[in-house]
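Engineer: The sequence isn't on hand, but the structure is:
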């Protein structure tokens, strides 16, 4: 079984028993359920293309971490000058468990 989902204007290909990493802007706790729109999924030997928004994927949040990319700092002593470059992203690990039809 595999499926293509769309979440926050990004598309992901998910296989069976696969954790995906999502970039989130807000705080996500372990009780949160992630809902994504399904584009295509396979059920047995049938490939099902979804036209509307009536199929959804439910996912469970496993954990989260902070991804730091190229974080560096310019500094001049006794001048009060400090400049930080780079970014931090909150990465959330999600395990999709169910496909439901509305």
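Structural biologist: Received it, and whenever you're ready, just let me know what you need. What you see is a predicted model, and the numbers here were worked out from it, not measured in a lab.

Engineer: Quick check, central residue of the chain?
Structural biologist: residue 22 (2.0 Å; CA atoms, centre = their mean).

Engineer: That one contacts residue 96, doesn't it?
Structural biologist: No - counting by CB atoms under 8 Å, residue 22 does not reach residue 96; the two are 10.9 Å apart. (Each C-beta comes from the backbone N, C-alpha and C, glycine too.)

Engineer: which residues do the two both contact?
Structural biologist: Shared contacts of residue 22 and residue 96, defined by CB atoms under 8 Å, 6 or more residues apart in numbering, are found at residue 34.

Engineer: so the spatially most distant residue from the centre of the chain, which of the three states?
Structural biologist: What lies farthest from the middle of the chain is residue 78; by CA atoms, centre = their mean that is 42.9 Å. Local secondary structure at residue 78 is given as coil here, using DSSP: H, G, I helix; E, B strand; the rest coil.

Engineer: so where's the chain shaky on pLDDT?
Structural biologist: By pLDDT under 70, the low-scoring segments of the chain are 1, 24-30, 52-53.

Engineer: quick one: the helices in it?
Structural biologist: With DSSP state H as the definition, the chain shows no helices.

Engineer: how about the strands of it, start to end?
Structural biologist: 2-7, 10-15, 19-24, 33-43, 46-49, 55-76, 81-101 (DSSP state E).

Engineer: out of those strands, deepest packed?
Structural biologist: strand 2-7 (a mean of 18; mean count of other CB atoms under 10 Å).

Engineer: and that strand with strand 10-15, angle?
Structural biologist: Relative orientation of strand 2-7 and strand 10-15, computed by axes from the mean of the first three to the mean of the last three CA atoms, to 10 degrees: 160 degrees.

Engineer: so what strands line up beside strand 2-7?
Structural biologist: In the sheet, strand 2-7 lines up against strand 10-15 (antiparallel), strand 33-43 (antiparallel) (DSSP bridges).

Engineer: mind checking which of those is nearest residue 4?
Structural biologist: Nearest to residue 4 among those is strand 33-43 (4.4 Å), distances taken as CB to CB.

Engineer: Outside of the closest one itself, list whatever touches it.
Structural biologist: With CB under 8 Å, 6+ apart, strand 33-43 has contacts from 1-7, 11-12, 22, 47-50, 53, 55-61, 92, 94, 96, 99.
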